[in-house]
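Enquirer: Attaching a predicted model along with its sequence, questions to come.
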Amino acid sequence: MKCILNLKIIILLYFCCCFENICFSQSGWLQQTSNTNKALNSVKFANSNTGWCAGESGLILKTTNGGTNWILQNSGFNIKLSSIDFTSTSTGYIAGDSGTIIKTTDGGNSWEKTNLNSGNNLTSINFINDSTGFSGGSNYDEIERKYYFKSIDYGENWDSIVCQNANSISIVYFYNSQIGWIVNWPVTIGGASLFKTTNFGNNWVSSFFTNSDIYSFYFVDTLNGWMSSKSGFSINTIYRTTNGGVNWITEIPGTGVQINSLYFTDKTNGWAAGNNRIIQATTNGGINWVSQTSYQPGVNYRSVYFTDSITGWVVGDSGVILKTTTGGILTGFSNSSSEIPDEYFLSQNYPNPFNPRTIINYELGITNYVKLIVFDVLGNEVATLVNENKPVGSYKVEFDGSEFASGIYFYRLEVDGNHIDTKRMILLK
């Protein structure tokens, strides 16, 4: 029975991918106004409302309403900024060229350069907690290109650490205080390697090698990870691992374009943003990928980030910022409000996937008229669970999918006639 159930899950997820590819030839991504034509290299959100972009010529943009408005912030530097990380809505870091790491403690109103003695062009930065962070990037200096950088004092000072196995470090990422990965570019022989540490960087072992570049990688936990590269010298592809990088499996996306950024909200749902305006998505851990946008030469997407399974942003060349509130799927309906007030909260259904019943919880901070509606993937309303005035409190609603076919569904909370939030669920029979 267990084998049959697993087979049904695989078949359903594959069907969902294929079905979405057929039905959603138009994009579920909407362009936001950035008021710049400079390339944006990185995007990061602290929550569903507050986020930042960084790019060329020291450009930093901030939003506090989910991207409806983007405000220019002054970095104080006229250099390429490549990578952002925030540990809270007030404290954040950006890495860029010429060994530059800048820090803010007031949400980006002011930025100051930290103490890092390097000429490396830094292309990655990440913090595993409030105090401990890592950065990496490449340089043509034979000695410096083997360094990555670590801070244990809230980014104020950075130690240079040699990775003896590396020739030129382009990306460094730590998942926790022990486990991390480095992308190494062997300048002399060509190709790239992925190295892994399980003891805070004291030792590094090879996890993957390719004759081409490694453009990006992402781990959602210590076992499940994805990496974009090329298969040999020609075909752009995505690899996945389910055992922490011991083995990598090749999964070629439909368009085969260069993927510059990967992001997963869990070990099944992920997105890939790449050259020529391509965004691809998976709902089965990278086994299948579906293009959510059409191939259009001229603009490359460089960074993707999601705050939950349906709300995300992509940034790229020419100041492009895209947002989705449906996981990138064109559903026939969209959020009319990108900001969720404190008075209302909609939880993810549980269990998910479900068969045939699931529970949806929501909370009201004020008395108001409430509608809770379920839609199919075409945007058709299939069930109204709540449609009445409700007092302040927490509510639990059961959705019974006995009469519906297996597949992806969306449920939407409306309060006082306004669309507040939408979430996705999977019915699996």
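Expert: Perfect, thanks for sending it.
Enquirer: Please count neighbours and contacts with C-alpha atoms only from this point.
Expert: Will do.
Enquirer: pLDDT value on residue 129, please?
Expert: pLDDT, residue 129: 96.
Enquirer: Which neighbouring residues are in contact with it, exactly?
Expert: The contact partners of residue 129, taken as C-alpha atoms under 8 Å, 6 or more residues apart in numbering, are residue 87.
Enquirer: I figured residue 117 was touching residue 99, is that so?
Expert: Yes: between residue 117 and residue 99 a contact is recorded at 7.0 Å, counting by C-alpha atoms under 8 Å.
Enquirer: neighbour count winner among the two?
Expert: More crowded of residue 117 and residue 99, by other C-alpha atoms under 10 Å: residue 99, with 23 against 14.
Enquirer: Next one: the more buried one from residue 43, what distance?
Expert: Using C-alpha to C-alpha, to the nearest Å, one obtains 20 Å as the distance from residue 99 to residue 43.
Enquirer: just the helices in the stretch 1-150 of the chain please.
Expert: When assigned using DSSP state H, counting those that start in this stretch, the helices of the stretch 1-150 of the chain occupy the ranges 2-23.
Enquirer: can you map out the strands along it?
Expert: Listed in chain order, the strands of the stretch 1-150 of the chain (DSSP state E, counting those that start in this stretch) span residues 30-32, 40-45, 51-55, 59-63, 71-74, 81-86, 92-96, 100-104, 112-113, 121-127, 133-138, 147-151.
Enquirer: just the stretch 251-400 of the chain next, same as before
Expert: All strands of the stretch 251-400 of the chain, identified by DSSP E, counting those that start in this stretch, fall at 259-264, 270-274, 278-282, 290-291, 301-306, 312-316, 321-324, 344-346, 357-364, 368-376, 381-390, 393-400.
Enquirer: Quick one: list the elements packing against the shortest one.
Expert: In terms of contact count using 3 or more C-alpha pairs under 8 Å, 6 or more residues apart in numbering; DSSP states H and E, strand 290-291 is assigned the packing partners helix 2-23, strand 278-282.
Enquirer: hang on, residue 102 packs against residue 86?
Expert: No: look at residue 102 against residue 86 with C-alpha under 8 Å: they stay out of range, at 11.6 Å.
Enquirer: so what sits against both of the two?
Expert: The overlap between the contact sets of residue 102 and residue 86 (C-alpha under 8 Å, 6+ apart) consists of residue 93.
Enquirer: Worst mean pLDDT among the helices and strands packed on strand 290-291?
Expert: Lowest mean pLDDT of the helices and strands packed on strand 290-291: helix 2-23, a mean of 40.
Enquirer: related to what we said a few turns ago, tell me which of the strands of the stretch 251-400 of the chain approaches residue 218 most closely.
Expert: Among the strands of the stretch 251-400 of the chain, the nearest to residue 218 by C-alpha to C-alpha is strand 259-264 (6.1 Å).
Enquirer: what's the average pLDDT for that closest one?
Expert: On average, strand 259-264 scores 97.
Enquirer: Pull out the buried residues from stretch 158-173.
Expert: Of the residues in stretch 158-173, 158, 160, 162-163, 166-173 count as buried by neighbour count, 16 or more other C-alpha atoms under 10 Å.
Enquirer: residues in contact with it?
Expert: Stretch 158-173 is touched from outside by 115-117, 122-126, 134-139, 142, 145-152, 180-187, 204, 216, with contacts defined as C-alpha under 8 Å, 6+ apart.
Enquirer: ok now it, how far from the chain's centre?
Expert: Distance of stretch 158-173 from its chain centroid, counting by C-alpha atoms, centre = their mean, to the nearest Å, is 24 Å.
Enquirer: quick one: strands adjacent to whichever strand or helix holds residue 240?
Expert: According to DSSP states H and E, residue 240 maps onto strand 235-241. Note on strand 235-241: by DSSP bridges, its sheet partners are strand 225-231 (antiparallel), strand 249-251 (antiparallel).
Enquirer: CA atoms only for the first one, dumped as PDB, please.
Expert: Right, strand 225-231. C-alpha atoms of strand 225-231 as PDB (Å, rounded to 0.1, in the frame of the first residue of the first chain):
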ATOM      1  CA  GLY A 225      19.700  20.800  -2.200                       C
ATOM      2  CA  TRP A 226      19.700  22.000  -5.800                       C
ATOM      3  CA  MET A 227      22.400  23.400  -8.000                       C
ATOM      4  CA  SER A 228      22.400  25.000 -11.500                       C
ATOM      5  CA  SER A 229      25.200  24.400 -13.900                       C
ATOM      6  CA  LYS A 230      25.800  22.800 -17.300                       C
ATOM      7  CA  SER A 231      25.800  19.200 -18.300                       C
END
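Enquirer: and the buried residues of stretch 158-173, which two are the farthest apart?
Expert: In the buried residues of stretch 158-173, the most distant members under the criterion C-alpha to C-alpha are 158 and 167, with 20.4 Å between them.
Enquirer: the bottom helix or strand of this protein by mean pLDDT?
Expert: helix 2-23 (a mean of 40; mean pLDDT, DSSP states H and E).
Enquirer: want to throw the strands paired with strand 235-241 into JSON lines with mean neighbour count and distance to residue 373?
Expert: Converted to JSON lines, the strands paired with strand 235-241 look like this (neighbours: other C-alpha atoms under 10 Å; distance: least, C-alpha to C-alpha, whole Å):
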{"stretch": "strand 225-231", "mean neighbour count": "25", "distance to residue 373": "35"}
{"stretch": "strand 249-251", "mean neighbour count": "17", "distance to residue 373": "36"}
